[in-house]
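In: Here is my input, please return the structure:
(2 chains)
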Amino acid sequence: TQLLEQSPQFLSIQEGENLTVYCNSSSVFSSLQWYRQEPGEGPVLLVTVVTGGEVKKLKRLTFQFGDARKDSSLHITAAQPGDTGLYLCAGYPNSGGSNYKLTFGKGTLLTVNP
Amino acid sequence: NAGVTQTPKFQVLKTGQSMTLQCAQDMNHNSMYWYRQDPGMGLRLIYYSASEGTTDKGEVPNGYNVSRLNKREFSLRLESAAPSQTSVYFCAGGRGLSSYNEQFFGPGTRLTVL
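Out: Coordinates of the predicted model:
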């Protein structure tokens, strides 16, 4: 059972377009993180959201944590080729002994064409 | 600071061979993790170490063993490699065990088992 479902799985857009990537679950999370992974490299943390309803901005990237802490979204404004990569959401389930094992979604592979 | 380093970067094994994947961090992290990443499966936790001297199983521990040699080093051993263990392996470090623990990943080891 995949705790975190990401959509879409693949996304190919033109430079300058806006996009939103979703990370959904039926479980509550203590916190959610977004990572970006480029080919041949390890994931790099972009942001951590911890409070329901929280919105964080990182230049052209906007991250939102759902009010019920079950979902999150990543919105990119005016995408650039440098945004190309695999975007992974990950979270710590708010349950028992598993709350220190980070659970990852399968990722959204974003390609931004010049 | 090198961050999290992994050796080797690439490895090809024959079924039944053994090998050890090495991971070292210079970020003074208390916790360390081993993940595998397979197409369409996302990142899955193999083993983790909350602190020096402790190790625990993750989601997919079968066929692997780990050693937390000291605070800096956390190795992953395949005693008898199988084709199902063909994957990209990532080591990560974190400040400790918490529901907000941010993890820092190494560049990965690409393992092929023939």
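In: who touches the residue positioned nearest the centre of chain B in this structure?
Out: The centroid of chain B falls nearest to residue B:34 when counting by C-alpha atoms, centre = their mean (2.7 Å). Listed by C-beta atoms under 8 Å, 6 or more residues apart in numbering or on different chains, the contact set of residue B:34 reads B:21, B:23, B:45-48, B:58, B:64, B:66, B:74, B:76, B:89-92. C-betas here are computed from N, CA, C, even on glycine.
In: got the buried residues for stretch A:88-95?
Out: If you call a residue buried by 16 or more other C-beta atoms under 10 Å in any protein chain shown, then stretch A:88-95 has these buried ones: A:88-93.
In: in chain B, which spans are strands?
Out: Taking DSSP state E as the criterion, chain B carries its strands at B:4-7, B:10-13, B:19-25, B:31-38, B:42-49, B:56-57, B:64-68, B:74-78, B:87-94, B:103-105, B:109-113.
In: now the shortest one: how far from the chain's centre is it?
Out: The reference is to strand B:56-57. Its chain's C-alpha centre and that of strand B:56-57 lie 12 Å apart, by C-alpha atoms, centre = their mean, to the nearest Å.
In: now stretch B:78-93
Out: Worked out by C-alpha atoms, centre = their mean, stretch B:78-93 lies 8 Å from the chain centre.
In: pLDDT on it, on average?
Out: Across stretch B:78-93, the average pLDDT comes to 97.
In: ok, that stretch near chain A or not?
Out: Yes - against chain A, stretch B:78-93 shows contacts by C-beta under 8 Å from any C-beta of the partner chain at B:90, B:92.
In: Not counting sequence-adjacent ones, nearest residue to residue 7?
Out: All of this refers to chain A. residue A:22 (5.0 Å; C-beta to C-beta, 6 or more residues apart in numbering or on different chains).
In: That was the other one, I meant chain B.
Out: Of all residues not flanking residue B:7 in the chain, residue B:22 sits nearest, at 4.7 Å (C-beta to C-beta, 6+ apart).
In: how long is stretch B:83-91 from one end to the other?
Out: 20 Å (C-alpha to C-alpha, to the nearest Å).
In: What residues sit buried inside that stretch?
Out: Per 16+ other C-beta under 10 Å, stretch B:83-91 contains these buried residues: B:85-91.
In: Next to chain B, which bits of chain A? Give me the list.
Out: A:2, A:30-31, A:33, A:40-45, A:48, A:50, A:88, A:90, A:92, A:94, A:99-102, A:104-107.
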